[in-house]
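**Q** just need the structure, nothing else, for what follows:
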Amino acid sequence: MRILYILLLFACFSYAQPTTIKNSIHKFTVEDINGESFSFESLIGKKVMIVNTASKCGLTPQYKKLEDLYQEYKDQNFIIIGFPSNNFMWQEPGSNEDIKVFCKKNYGVSFPMMSKISVKGKSQHPLYDFLTKKDKNGVKDSSVKWNFQKYLIDENGHLAKVISPRTQPDDPIILDWIKS
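**A** Presented below is the predicted three-dimensional model:
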């Protein structure tokens, strides 16, 4: 009887584990803006905002509020990860080095920035494929509407909310989520 109980317990654990990993961003490794490997596994236990960015967009001034938000909450298990993309009207034409210099010089960006990627279309990065498809993230389908769309990820690496590009980083919806 005891062996049956142990086997049943093992079977339940084995079944539940892949679902947790499957629906988590912690399985991804990406390249940062300096060309180094960045493992999302290092974010276990943190709330994460993933945001696609662009340097020549009407929403580009959001970098300032993103940096302010990061500075205020970075010591409270919160991090922002920026992903430059050139998917919307070619508003991020620069190289990774150009983007890095622009962000630092104009907005003092210190939150982690990744290498430029595609957030939609045929060349969509696997991370954004995960973020936008319910069958992969386990929560909802979405599409990246424009630059500065925000994906809020809970401490377990699961999608919690999708926030419109026009919603400012200091909006109460975001602040309440970070503080909860």
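**Q** now do the helices in the protein.
**A** 2-22, 62-73, 96-107, 126-132, 134-137, 172-179 (DSSP state H).
**Q** ok, residues contacting the fourth one?
**A** With contact meaning C-beta atoms under 8 Å, 6 or more residues apart in numbering, helix 126-132 is reached by 25, 28, 30, 50, 52, 83, 117-120, 124, 136-137, 141-144, 151, 159, 162. In short, each C-beta sits where N, CA and C put it, glycine included.
**Q** for the most centrally placed residue in the chain, give me the pLDDT.
**A** Nearest residue to the geometric centre of the chain (C-alpha atoms, centre = their mean): residue 50, 2.4 Å. We note a pLDDT of 98 for residue 50 in this prediction.
**Q** distance check, it against residue 40.
**A** 9 Å (C-beta to C-beta, to the nearest Å).
**Q** what touches both of the two?
**A** Common neighbours of residue 50 and residue 40, using C-beta under 8 Å, 6+ apart, are residue 25.
**Q** count of neighbours near the closest residue to residue 65 other than its chain neighbours?
**A** Nearest non-adjacent residue to residue 65, counting by C-beta to C-beta, 6 or more residues apart in numbering: residue 169, 4.1 Å away. Applying other C-beta atoms under 10 Å, we find 21 residues neighbouring residue 169.
**Q** try residue 68
**A** 14.
**Q** quick one: residues contacting it.
**A** 169-170.
**Q** and residue 80, by the same measure?
**A** Residue 80 neighbours (C-beta under 8 Å, 6+ apart): 48-49, 51, 66, 69-70, 111-112.
**Q** tell me the one of these nearest residue 100?
**A** Closest approach to residue 100 among the contacts of residue 80 (C-beta to C-beta): residue 112, at 11.2 Å.
**Q** list the contacts of that closest one.
**A** Residue 112 neighbours (C-beta under 8 Å, 6+ apart): 32, 38, 79-82.
**Q** any idea how far it lies from residue 43?
**A** Taking C-beta to C-beta, one finds residue 112 at 10 Å from residue 43.
**Q** give me the common contacts of those two.
**A** Joint contacts of residue 112 and residue 43 (C-beta under 8 Å, 6+ apart) are residue 79.
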